[in-house]
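**Q** give me the fold of what follows.
(one chain, ligands or ions: 2)
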Amino acid sequence: MEKIVEYLNGLDFNILVVILMTIFFSLERLLNSPHKFDKRVPHLLNNLVLGIAFILMNLVAAAVQVSILQWGDSKQLGLFYHVEMPFWLKIVIGIMVLDMSSYWMHRLSHRSPLLWRLHRVHHSDTTMDSSSYFRGHPFEAWTFGLINVFAALIIGADATVLTFYYVFLLPFLIIEHANMVLPDWMDRTFGRIFTTPNLHKVHHHRTQFYTDSNYADIFILWDKLFGTYKYVPVKDISYGLEEFDEPKKQTFWYLLISPFITIKRVSNAD
Ligand SMILES: [Zn+2]
Ligand SMILES: [Zn+2]
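**A** Ligands and ions are numbered 1, 2, ... in the order given. Here you go, the predicted model:
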């Protein structure tokens, strides 16, 4: 276990991102992707440039997270410092609690008009592939990063637990957006507990009734537990936000400054 911890702590997340993106981009090509792109290169470039800005901001946010957790460690703050339990159990509880904190921040990002200004960048993508996860406004690194570190302080999770969480989370985030339809049996088995690609795609439906559902990154259990679980077959989903459909609103610069522009939400009620 010590070896795994040592390895994960030294892991370069940027290399992990590149490896995962290469795997899923190749799979999308090989597995006859259901969604055909008119303009794949501009789509990819916009998402990658936003992704780079997001990753850079994440590096700063991660450094702040580590400093806060070191402070928590010096004060012995949180449950794990006061209750004896094996390391693996701390990892399991840590991943679950951190995922639940992201669930609530994600739900709040749909509810709060201010947070929605940042989060709608992710939902503005009218086509979906492995790069879509990286289409997020860089400032979102702070909203999700801060709620995660707050949750970590409550349970007493240190930087190692946080690292396990992010390593476990990243493949979910990329595969959930991949341009491939996975078989229904995956939803019937794996999808009882985990968020499958088909379930996350419901969250990208352009009709707000469905956009406001399936918020969980890893455990779809949170949506089932807190009443936000919905299901639509992928073939019936169209992606994006009507207010971002114009080509100029799909460019990197527009998306970057869009939180500072008042754009009326079109809810597309069913
Ligand atoms: Zn969302
Ligand atoms: Zn998404």
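
**Q** so where is the stretch 1-150 of the chain shaky, pLDDT-wise?
**A** For the stretch 1-150 of the chain, the stretches with pLDDT under 70 are 1-2, 4-14, 16-18, 21, 24-40.

**Q** what segments of this protein are helices?
**A** 2-9, 13-30, 40-74, 87-111, 113-123, 140-155, 159-177, 184-188, 197-203, 208-211, 221-225, 252-257 (DSSP state H).

**Q** tell me what the fifth one is packed against?
**A** Yep, that's helix 113-123 we're talking about. Judged by 3 or more CB pairs under 8 Å, 6 or more residues apart in numbering; DSSP states H and E, helix 113-123 is in contact with helix 87-111, helix 140-155. C-beta coordinates here come from the backbone N, C-alpha and C atoms, glycine included.

**Q** and the helices of the chain as TSV, adding mean neighbour count and distance to Y239?
**A** As requested, those are exported to TSV (neighbours: other CB atoms under 10 Å; distance: least, CB to CB, whole Å):
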stretch	mean neighbour count	distance to Y239
helix 2-9	10	33
helix 13-30	14	15
helix 40-74	16	12
helix 87-111	18	16
helix 113-123	18	8
helix 140-155	19	19
helix 159-177	20	10
helix 184-188	13	18
helix 197-203	22	8
helix 208-211	18	10
helix 221-225	18	19
helix 252-257	16	15
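
**Q** which of the ones you listed sits closest to Y231?
**A** helix 197-203 (6.3 Å; CB to CB).

**Q** contacting residues around that closest one?
**A** Residues from elsewhere that reach helix 197-203, judged by CB atoms under 8 Å, 6 or more residues apart in numbering: 128, 175-178, 180-182, 184, 186-187, 191, 210-211, 213-215, 220, 230-234, 237, 239.

**Q** and with 7 Å instead?
**A** Here helix 197-203 makes contact (CB atoms under 7 Å, 6 or more residues apart in numbering) with 128, 175-176, 178, 182, 187, 191, 210-211, 213-215, 220, 230-232, 234, 237.

**Q** before we move on, what about stretch 113-125?
**A** For stretch 113-125, the surrounding residues in contact (CB under 7 Å, 6+ apart) are 108-110, 132, 135-137, 139-140, 143, 204, 211, 239-241, 244, 250, 255, 258-259.

**Q** and the helices and strands packed on helix 113-123 as CSV, adding distance to P171?
**A** Formatted as CSV, the helices and strands packed on helix 113-123 follow (distance: least, CB to CB, whole Å):
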stretch, distance to P171
helix 87-111, 13
helix 140-155, 17
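
**Q** those: which one's closest to G72?
**A** helix 140-155 (4.8 Å).

**Q** report the angle between the axes of the closest one and helix 87-111?
**A** Counting by axes from the mean of the first three to the mean of the last three CA atoms, to 10 degrees, helix 140-155 lies at 140 degrees to helix 87-111.

**Q** what about the residue nearest to R265 when sequence neighbours are not counted, neighbour count?
**A** Distances taken as CB to CB, 6 or more residues apart in numbering put E243 closest to R265, at 6.3 Å, once the chain neighbours are dropped. For E243, the count of nearby residues is 16 (other CB atoms under 10 Å).
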